[in-house]
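>>> I would like the atomic coordinates for the input below:
(chains A and B)
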Amino acid sequence: MLEIANVRAGYGAINILWDLSISVPTGQLTTIIGPNGAGKTTLLRAIMGLVPLSQGSIRLNGQPLDGSSTWHMLERGVAMIPEGRMIFKDMTIEENLMLGAFPKAHRAASQANCDKAYAMFPRLHERRTQLAGTLSGGEAQMLAMARGLMSDPKLLIIDEPSLGLAPVVVNELFEILARLKEEGRTIVLVEQNTHKAVGVADQVYLMQSGKVVLSQPAAEVSLEALHELYFAR
Amino acid sequence: MSELILQALYSGVLQGGSYALIALGLALVFGTMKVINLAHGELVLLAAYMAYMVESKLGLSPLFAIPLALVLVCTCAVLVYFLVSLIRKDRELNSLILTYGIGIILTNAVLLIWSADVRSTSSAWFQDAVVVGPFYSMRSELLFFVVASVLMAGLWWWLSRSWYGRAVRAVSSNRDAAKLMGINPRTTEIVSFVVAGILASFAGVAIFSYGVIQPAFGHALTVKAFIITVLAGIGSIPGVMVGGLLLGIAEALTVTLASSALQELVGMALFLLVLFLMPNGLFGAKARRG
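Numbers count the residues shown, from 1 in each chain, chains lettered A, B, ... in the order given. Coordinates of the predicted model:
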């Protein structure tokens, strides 16, 4: 579904991604793990068009994505769930959700999708008129996920959902990820929690210093070998 | 004495409605584009001169100038937007210089076309006294306060209920996240300039209908709008509405209790005081936390 080939990208004079290639098959959960500063988030931002490519190409179902604007990605069925800090803090929870269905094509189904999101995250329903800035870290992450689902995307790109959350909340989040996978969505998951991420994934990529250093089907991944690579400098 | 003060409060609130309209335009544009449009007061002035022209040349009520002002002011606002969007580097700083320059050009254009004379309405209907309970005002003051209130209620509805209004708030809140929601920030920027132009049009006609205008007045309006925006806490729309009323009241009280010569000073004093005591503005604290 998503083909990333020889991508180089970065911020101004600083290059982050070095000739990176990743392939995301339809219906699978592909996880990208790696230490801080490996360029995982930059990769996701490059897919979404928030960071320009200086080399290589990104294709969605065979169509090139590079050069298309971030705000056209939802119409193409791609939604990114950024980390929970990127919710709209001075807007209510319901307003946050509705913005997830902003493109005209998704507005008709917005109320139905909103109800679905509330069913999946009942706590958001209880607080729907509160400002998003008043939510706890876990709730903010739930809101970011619910908002990302408002356009019913085929490809979900999720950035470190477990970052800074309590273990109980992390378990809850990964249950939801497993459910989303069962629904048949294609998912790209960037994570630091290797154990959890490998547990839910089909394919595992390990990134270090802007490069892929390991690519394996999740079933074959040995966590010990992974951790050795992870911490090797 | 207390009657005088109450009357000053009343006049201040009426005047504050127009101030709030002007400041809201400034705040909206700052929210979406992070640009302080220093030519905003001149846009208001342009609308005021449209009202003058319609009254003096066509002999019609200044109210008929509103459609004309809407077209002209919104066109100018979009023009300002395009000029500002041409800036590639350090837009937040360079746009100050650019819009200040546009303001000077507009002031001089007004000077060239309508000369430096002080103008005011000659419509008796506007200037008739209207009594509400124990309070007096000109009919135009009351009329345009009602207009301003309706516009603000409309703006409030638009920002909280409509798709584009919410998009404007989303872009102000978190630009990258807004892009991920499928919002093109450039569209919301143009929209915010146009809405600022609409508010400025009504405010301009209002100011002509109950006050005096002259070419240098635009700059003073920009300064007032800026004071109100900072007073409110940058980014707080309800704060701007209250801030407009506060400035109107402060000015009216100064005129009543001290002297009209100090009217412009009180805004500045209020501005410094708020910056000193509450650097986030009266309503800005919540937005800054976290």
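>>> Look at residue 30 and give its secondary structure.
The chain I'm using is chain A. strand (DSSP: H, G, I helix; E, B strand; the rest coil).
>>> distance of it from chain B?
According to C-beta to the nearest C-beta, to the nearest Å, A:T30 and chain B sit 19 Å apart. Using the backbone N, CA and C atoms, a C-beta is placed for each residue, glycine as well.
>>> if I look at that residue, how far off is B:L38?
50 Å (C-beta to C-beta, to the nearest Å).
>>> again with B:K57
Following C-beta to C-beta, the distance that separates B:K57 from B:L38 is 30 Å.
>>> higher neighbour count, those two?
A side-by-side neighbour count of B:K57 and B:L38, using other C-beta atoms under 10 Å in any protein chain shown, places B:L38 first with 25 against 8.
>>> Touching, that one and B:Y100? I think so.
Yes. With contacts counted by C-beta atoms under 8 Å, B:L38 reaches B:Y100, the gap being 4.5 Å.
>>> Nearest residue to residue 164 in space, ignoring adjacent ones along the chain?
By default, I'm working from chain A. A:G137 (5.7 Å; C-beta to C-beta, 6 or more residues apart in numbering or on different chains).
>>> you looked at the wrong chain, it should be chain B
Using C-beta to C-beta, 6+ apart, the nearest residue to B:Y164 is B:V191, at 5.8 Å.
>>> contacting residues for the one you found?
B:32, B:164, B:167-168 (C-beta atoms under 8 Å, 6 or more residues apart in numbering or on different chains).
>>> Now flag whichever of those is closest to B:L111.
Closest to B:L111 out of these is B:T32 (31.3 Å), distances taken as C-beta to C-beta.
>>> Tell me the secondary structure at the residue nearest to B:Y164.
Going by three-state DSSP: B:V191 is helix.
>>> about what we covered before: of the contacts of B:V191, closest to chain A?
B:A167 (6.3 Å; C-beta to the nearest C-beta).
>>> all strands of chain A, in order?
Listed in chain order, the strands found in chain A under DSSP state E are A:2-11, A:14-24, A:29-33, A:53-60, A:63-64, A:78-81, A:155-159, A:186-191, A:203-208, A:211-217.
>>> Nearest to B:V255, out of the ones you listed?
strand A:2-11 (53.8 Å).
>>> A:L189 contacts A:L177, doesn't it?
Yes. With contact defined as C-beta under 8 Å, A:L189 reaches A:L177; the gap is 6.8 Å.
>>> So for the two, which residues contact both of them?
A:29, A:158, A:161, A:200.
>>> now these in TSV, with pLDDT, distance to A:C114 and neighbour count?
Formatted as TSV, the shared contacts of A:L189 and A:L177 follow (pLDDT from 0 to 100; distance: C-beta to C-beta, whole Å; neighbours: other C-beta atoms under 10 Å in any protein chain shown):
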residue	pLDDT	distance to A:C114	neighbour count
A:L29	94	25	24
A:I158	94	20	25
A:P161	91	20	27
A:V200	92	26	18
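>>> Columns distance to B:P215 on top of these, output as a markdown table?
Converted to a markdown table, the shared contacts of A:L189 and A:L177 look like this (distance: C-beta to C-beta, whole Å):
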| residue | distance to B:P215 |
| --- | --- |
| A:L29 | 66 |
| A:I158 | 57 |
| A:P161 | 58 |
| A:V200 | 68 |
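>>> Farthest pair within those?
A:L29 and A:P161 (12.5 Å).
>>> Any chance you could list residues touching both of the two?
Common neighbours of A:L29 and A:P161 (C-beta under 8 Å, 6+ apart) are A:177, A:189.
>>> Okay, now the unreliable bits of chain A?
Counting by pLDDT under 70, the ranges of chain A that qualify are A:232-233.
>>> Return the residues of chain A in contact with chain B.
Contact residues (C-beta under 8 Å from any C-beta of the partner chain) of chain A with chain B: A:48, A:50, A:69-75, A:79-80, A:82, A:86-91, A:95, A:98-100, A:102-103, A:106-107, A:133, A:147, A:151.
>>> Give me the buried entries from those residues.
For the residues of chain A next to chain B, a burial check counting by 16 or more other C-beta atoms under 10 Å in any protein chain shown picks out A:48, A:50, A:70-71, A:73-74, A:79-80, A:82, A:86-91, A:95, A:98-100, A:102-103, A:106, A:133, A:147, A:151.
>>> what about residue 36, how many neighbours?
All of this refers to chain A. Around A:N36 there are 7 residues (other C-beta under 10 Å).
>>> not what I meant, chain B
So B:I36, with other C-beta under 10 Å, has 20 neighbours.
>>> Assign a three-state SS to it, would you?
coil.
>>> now B:I87
B:I87 ends up coil, using three-state DSSP.
>>> Tell me the spacing between the spatially closest residue to it that is not a sequence neighbour and B:L86.
Distances taken as C-beta to C-beta, 6+ apart put B:N94 closest to B:I87, at 5.0 Å, once the chain neighbours are dropped. Applying C-beta to C-beta, the value for B:N94 to B:L86 is 10 Å.
>>> remind me, longest helix of chain A?
helix A:167-182 (DSSP state H).
>>> and the direction of it versus that of strand A:29-33, what angle?
140 degrees (axes from the mean of the first three to the mean of the last three C-alpha atoms, to 10 degrees).
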